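Participant: Next comes the sequence, and after it the predicted model I'd like to discuss.
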Amino acid sequence: MKLTLLPADAAMREALQFLAQCHDDRGQVTRSIDPVRGPVVGSEIEYGALFAYLFRRFGYPNVPWEAERLARYVLATPRADLYLVIEPMVTGLTSQVFSFLAPISIHTAAEAYRHERISTQVGNGHAFWARDQQLLAWDARDPLKPYAQAAYRALEDLLKPVQMDDGAIDIFGGVPRTTRSMQPAALASHLTGKSLRNDASAS
């Protein structure tokens, strides 16, 4: 994972929603879960611990942010056309803190797939899930699946701890001295003598 900048066509990108939704037999949503954010970062996260981790690992926020936000980071993901935007906020809702931007065409194709799945099951007399509750079980034909998998891996990477003088931290706070904390993520360039500006522009 590394800092990057949004491309010039950022306005042509949409924030993807990786939701599995249960519908009644009329097609109305009765329940939603997020099989990408949920298993990795949960539904809420404390902004102080998250910002401390981001600053320690990546350095200063690499893009401007709005006055009501604490900071804004843009990170590369395993997919070249998918960007992770992290904005720590007091409310801590992970659906708002961690956003994944992709071309609008992906959002459109994913919605078309979802509506097709719903239309084939409406009126069947029982509730159904348009997408499986487990990401691994999503249909390979689903245009959203490879982006959801890349987003999942990007969030998992944020669980790599960074070393502190008296221990290690990850996005949730202090990490016990375990095998995982002995294999930390690389530190921010301002802590290693490299130029953050050069790293960001080279991404």
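Facilitator: Perfect, I can see it now.

Participant: The residue lying farthest from the centre of the chain: what secondary structure?
Facilitator: Ranked by distance from the centre of the chain (CA atoms, centre = their mean), the top residue is Gly125, with 35.3 Å. Secondary structure, DSSP: H, G, I helix; E, B strand; the rest coil: Gly125 is coil.

Participant: For it, give its distance to Arg114.
Facilitator: 21 Å (CB to CB, to the nearest Å). Yep, even glycine has a C-beta here, placed from its N, CA and C like the rest.

Participant: Which residue ranges of this protein form strands?
Facilitator: Counting by DSSP state E, the chain has strands at residues 13-15, 20-23, 29-33, 73-76, 83-86, 98-103, 128-129, 162-164, 167-170, 173-175.

Participant: lowest-confidence stretch among those?
Facilitator: Of all these, the minimum mean pLDDT falls on strand 162-164 (a mean of 86).

Participant: Name the strands paired with it and say parallel or antiparallel.
Facilitator: strand 167-170 (antiparallel) (DSSP bridges).

Participant: Tell me the buried residues in the partner strand?
Facilitator: Neighbour-count burial for strand 167-170, counted by 16 or more other CB atoms under 10 Å, picks out 168-170.

Participant: so which of the residues you listed comes closest to Ala71?
Facilitator: Ile169 (16.3 Å; CB to CB).

Participant: The closest one contacts Ala52, doesn't it?
Facilitator: Yes. Contact criterion CB atoms under 8 Å: Ile169 and Ala52 qualify, at 6.3 Å.
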